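>>> I need the structure of the sequence given here:
(one chain, ligands or ions: 2)
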Amino acid sequence: MNFENLFTPSLEEKIIPSIIRQPRKGVIIGAGQVGMACAYSLLIQNILDEIVIVDINQHKLAGEVMDLNHGLPFLEPTLIRAGTLADGENADIVIITAGAKQKPGETRLDLVNRNVEIFQSLIPEVVKYCSTAILLIITNPVDIMTYVCLKISGLPSSSVIGSGTVLDTARFRYLLSEKLQLDPRSLHAYIIGEHGDSEVPVWSKVNISGMHILDETREEDEQIEPELDKIFAQVKNAAYEIIQRKGATSYAIGLAVAQITQSILRNQNRVLTVSSLINNIHGIQDVCLSLPAVVNRQGVTRVLNLSLNQTELQQLQLSSQILRQIIEQLDL
Ligand SMILES: NC(=O)C1=CN([C@@H]2O[C@H](COP(=O)(O)OP(=O)(O)OC[C@H]3O[C@@H](n4cnc5c(N)ncnc54)[C@H](O)[C@@H]3O)[C@@H](O)[C@H]2O)C=CC1
Ligand SMILES: CC(=O)C(=O)O
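Numbering: from 1, shown residues only. Ligands and ions are numbered 1, 2, ... in the order given. Next up is the predicted model:
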């Protein structure tokens with residue numbers, strides 16, 4: 001039987017999809033726990049039309065791609081394939097998750113030398129094949145790796161973004177919403193600074209419908225402030241707790257990456273606490289860290305100058321100094 005003659009697409013079938021919009025193509029580098037959680041979240045939310053996944057472990061990569069492809073009958077059409085960076089040509093976004101992860105008890109900053117070495121050979125290849133893509137860095141320590149990627153790639157700072165504290169902000173909103181018995185989407189709160197041990201909760205801005213959290217809770221519970229401190233400790237230690245139990249964190253970061261990617265590719269102008277190059281905000285210079293920023297098809301186009309109280313400002317500046325000291329030790 002000649003399969004080619006079995007079905008010939010009509011002119012409309014060939015042409016109409018390309019008239020509606022350009023296909024959206026993404027590359028995920030690293031098919032580990034995080035890379036595959038990103039692929040799964042992007043796939044089930046129909047954010048990309050084509051996903052190329054790249055990993056040095058070809059054997060595992062082939063298995064991961066087979067497994068995802070077997071789910072396609074339940075989803076919108078998406079081309080998912082194992083590939084190399086050369087297959088990333090014309091990609092709109094490159095999501096980088098490749099590298100070492102924390103072992104139980106290790107900090108994110110402990111990973112810096114191993115992952116900078118990987119980026120030194122990886123990033124020039126990414127730029128060679130995907131020079132027009134937005135680069136979204138997930139590999140830890142994510143703020144340092146975003147800075148390293150920016151320097152090695154020579155790309156404009158708007159095009160190199162770290163997932164930063166988008167995940168910590170989600171943990172913060174979830175835990176606060178549990179405490180207050182609200183939908184987390186109705187509660188606005190931010191974690192800023194390093195995605196790591198020096199991160200900063202912006203308590204002065206936590207609000208529900210514009211109402212500050214302490215106005216909402218004071219009458220109900222006099223003991224709320226120690227409770228709130230406990231919540232922040234849970235946010236800060238979440239990765240340690242999860243890694244100690246299951247070896248890695250994956251689902252929530254996958255969803256966070258899907259949201260950042262959606263804001264980029266659908267030009268949504270969402271305000272997200274991504275990590276980007278900060279200069280001249282809150283006295284911070286030449287460091288990548290998270291502040292609320294506008295994310296769209298150009299990447300990060302605006303970092304918001306969030307007003308902070310004195311404690312928050314000091315904590316943010318300390319966080320930036322910790323990151324800056326590490327950058328100064330690197331040979332970039
Ligand atoms: N920014 C964030 O919020 C989060 C960041 N992470 C970080 O993401 C990274 C990945 O974590 P997991 O996926 O759990 O680790 P994993 O060990 O499961 O996967 C890493 C993958 O990278 C691949 N890899 C290593 N070097 C490569 C290269 N040069 N090219 C292509 N592939 C390469 C490995 O073969 C492996 O499959 C870690 O650095 C981790 O700390 C994890 C969770 C949240
Ligand atoms: C591992 C990591 O960075 C996190 O889950 O926050």
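>>> The host helix or strand of Ile152 close to ligand 2?
Taking DSSP states H and E as the criterion, the element that holds Ile152 is helix 142-153. No - applying Cβ under 6 Å from any ligand atom, one finds that helix 142-153 is not in contact with ligand 2, the shortest distance being 7.0 Å. Every C-beta, even on glycine, is put in place using the N, C-alpha and C of the backbone.
>>> Figure out how far whatever helix or strand comes next after that helix is from the centre of its chain.
Using DSSP H and E, the helix or strand that follows helix 142-153 towards the C-terminus is strand 160-162. Computed by Cα atoms, centre = their mean, to the nearest Å, the chain-centroid distance of strand 160-162 equals 8 Å.
>>> on contacts alone, who are the packing partners of the strand or helix carrying Gln321?
Element membership of Gln321, judged by DSSP H and E, is helix 310-329. Helices and strands touching helix 310-329, by 3 or more Cβ pairs under 8 Å, 6 or more residues apart in numbering; DSSP states H and E, are helix 142-153, strand 200-201, strand 287-290.
>>> Please identify the deepest-packed of the ones you listed.
Taking mean count of other Cβ atoms under 10 Å as the contact definition, the stretch among the helices and strands packed on helix 310-329 with the greatest mean neighbour count is strand 287-290, which reaches a mean of 30.
>>> That one - what's its average pLDDT?
For strand 287-290, the per-residue pLDDT values average out at 98.
>>> For the chain, name the helix or strand with the lowest mean pLDDT.
Across the helices and strands of the chain, the lowest-confidence element by mean pLDDT, DSSP states H and E is helix 11-20, at a mean of 57.
>>> next structured bit after it?
strand 25-29.
>>> Tell me if stretch 152-168 is near ligand 1.
Yes - judged by Cβ under 6 Å from any ligand atom, stretch 152-168 and ligand 1 are in contact via Ser163, Leu167.
>>> any idea how far that stretch is from the chain center?
A distance of 9 Å separates the C-alpha centroid of stretch 152-168 from that of its chain, computed with Cα atoms, centre = their mean.
>>> buried set for it?
Residues 152-153, 155, 157-168 are the ones in stretch 152-168 that count as buried (16 or more other Cβ atoms under 10 Å).
>>> CA-only coordinates of it in PDB, if you can.
What follows is stretch 152-168 as a C-alpha-only set of coordinates in PDB (Å, rounded to 0.1, in the frame of the first residue of the first chain):
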ATOM      1  CA  ILE A 152      28.800  34.600  27.700                       C
ATOM      2  CA  SER A 153      26.000  35.100  25.200                       C
ATOM      3  CA  GLY A 154      26.500  38.800  24.600                       C
ATOM      4  CA  LEU A 155      22.700  39.000  24.100                       C
ATOM      5  CA  PRO A 156      20.700  42.100  25.200                       C
ATOM      6  CA  SER A 157      19.700  42.000  28.800                       C
ATOM      7  CA  SER A 158      16.000  41.900  28.000                       C
ATOM      8  CA  SER A 159      16.500  38.500  26.200                       C
ATOM      9  CA  VAL A 160      18.100  36.700  29.100                       C
ATOM     10  CA  ILE A 161      15.800  35.900  32.000                       C
ATOM     11  CA  GLY A 162      16.000  33.700  35.000                       C
ATOM     12  CA  SER A 163      13.000  32.000  36.600                       C
ATOM     13  CA  GLY A 164      14.200  33.800  39.800                       C
ATOM     14  CA  THR A 165      11.700  33.900  42.600                       C
ATOM     15  CA  VAL A 166       8.600  33.100  40.500                       C
ATOM     16  CA  LEU A 167       8.600  29.700  42.300                       C
ATOM     17  CA  ASP A 168       9.200  31.200  45.800                       C
END
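>>> Could you tell me the average pLDDT over that stretch, please?
Across stretch 152-168, pLDDT averages out at 98.
>>> Ok, stretch 234-250 next?
Average pLDDT, stretch 234-250: 97.
>>> What of stretch 124-135?
Confidence over stretch 124-135, taken as the mean pLDDT, stands at 97.
>>> who's in contact with the helix holding Ile152?
Contacting residues not belonging to helix 142-153 are listed as 96, 99, 108-109, 112, 115-116, 119-120, 123-124, 126-127, 135, 137, 139, 157, 160-164, 194-196, 275-277, 287-290, 323, 326-327, 330, 332 [Cβ atoms under 8 Å, 6 or more residues apart in numbering].
>>> separation between Arg270 and Val287?
For Arg270, the distance to Val287 equals 23 Å [Cβ to Cβ, to the nearest Å].
>>> Repeat that for Leu75.
Counting by Cβ to Cβ - Leu75 and Val287 are separated by 40 Å.
>>> Spell out which residues of this structure are next to ligand 2.
Along the chain, the residues adjacent to ligand 2 under the rule Cβ under 6 Å from any ligand atom are Arg108, Asn140, Leu167, Ala239, Thr249, Ile253.
>>> which ones are touching the first one?
Read it as Arg108. Arg108 makes contacts with Gln102, Asn140, Pro141, Val142, His195, Gly196, Asp197, Ala239, as judged by Cβ under 8 Å, 6+ apart.
>>> go again using 10 Å as the cut-off
When contacts are counted by Cβ atoms under 10 Å, 6 or more residues apart in numbering, Arg108 is found next to 101-102, 115, 139-145, 194-197, 239.
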